[in-house]
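Student: After the sequence you'll find the predicted model.
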Amino acid sequence: MFVTHPQVYLPHEDTYLLLEAVLPEVKQGDRILEVGCGSGYIAARLAERGEVLATDINPHAVRETRTLGVEVVRADLLDGVRGPFDLVIFNPPYLPTLPEERIDDWLEFALDGGKDGTEVIRKFAEEVGRVLAPQGRLLLLISSLTGIDHIRDIIAWQGFESEIVMECMVEGEALYVIRCTMRRE
C-alpha cells in the first residue's frame, strides 16, 4: 500500500494493532463501518471479508481510500451515516492538544484529541449507538495518554460494556483495543 498524499495519516503501530484485533471479530455477513479510515489500510483489508463503509473528514484520505476500491464517504465522525452496522471500528485522535499546539492542517484531524485527548472520543461515544446494530460490536483504539479507565467510563456512560481485547507498548505509550457492546438490562 502506498499513500500518495502527505496530509493522510500513514499506517503506524496503532493501525496494525487495531487490524490485528478486528480480524477475528469479523463474522460472516457483518456490515462493517470504519470511522476515520485515514489511508484506508484497515478498510481495504476488511473489504476482502465483507461489506465495508469507511468515513473520514479529510478529503485526501477519502480519495486515498477510494483508490483501494473501498466505499468511502467524507463525514465528520458519523454525520449523515445510517446504520445498522454489526461492527464499528475507530482509531480516534487521542493526543492531548492545547489550542496553541494546533497545526491547522488535515493531519490534525487524525491526531488532535482536544485539551485532554477525549473530545473526539466523547462525541463519537454519544453518536455511535444510533448506527450500531442491537447485537453489534465496537472496537476502539485507546492510548494510555488519555487514560484507559477514563475512556471506559465515557463509554459506560453511553450504555456500553467494554473489555480490553489487545494491548501493546509503543515508545513508552500503552495502546489498547477495547471491545464495546451495548449493556443488556
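Tutor: The structure has been received and is ready for your questions. Residues are numbered from 1 along each chain as shown.
Student: So which residues of the chain form helices?
Tutor: 13-22, 41-47, 59-66, 108-111, 119-128, 148-157 (DSSP state H).
Student: out of these, nearest to residue 92?
Tutor: For residue 92, the closest of those is helix 119-128, at 5.0 Å, according to CB to CB. Just so you know, the C-beta spots here come from the backbone N, C-alpha and C atoms, and that holds for glycine as well.
Student: Need the winner for burial among the helices of the chain.
Tutor: Highest mean neighbour count among these (mean count of other CB atoms under 10 Å): helix 41-47, with a mean of 22.
Student: Centre of the chain to that helix, how far?
Tutor: Centre-to-centre, helix 41-47 and its host chain are 13 Å apart (CA atoms, centre = their mean, to the nearest Å).
Student: Stretch 16-30 too?
Tutor: Offset of stretch 16-30 from its chain centre (CA atoms, centre = their mean): 13 Å.
Student: Now do that stretch, average pLDDT.
Tutor: Regarding stretch 16-30, the rounded mean pLDDT is 96.
Student: What's opposite the most centrally placed residue in the chain in the beta bridge?
Tutor: Geometric centre of the chain, nearest residue: residue 90, 1.2 Å, by CA atoms, centre = their mean. Per DSSP bridges, the residues bridged to residue 90 are residue 35, residue 140.
Student: list the contacts for it?
Tutor: Going by CB atoms under 8 Å, 6 or more residues apart in numbering, residue 90 touches 34-36, 124, 128, 138-141.
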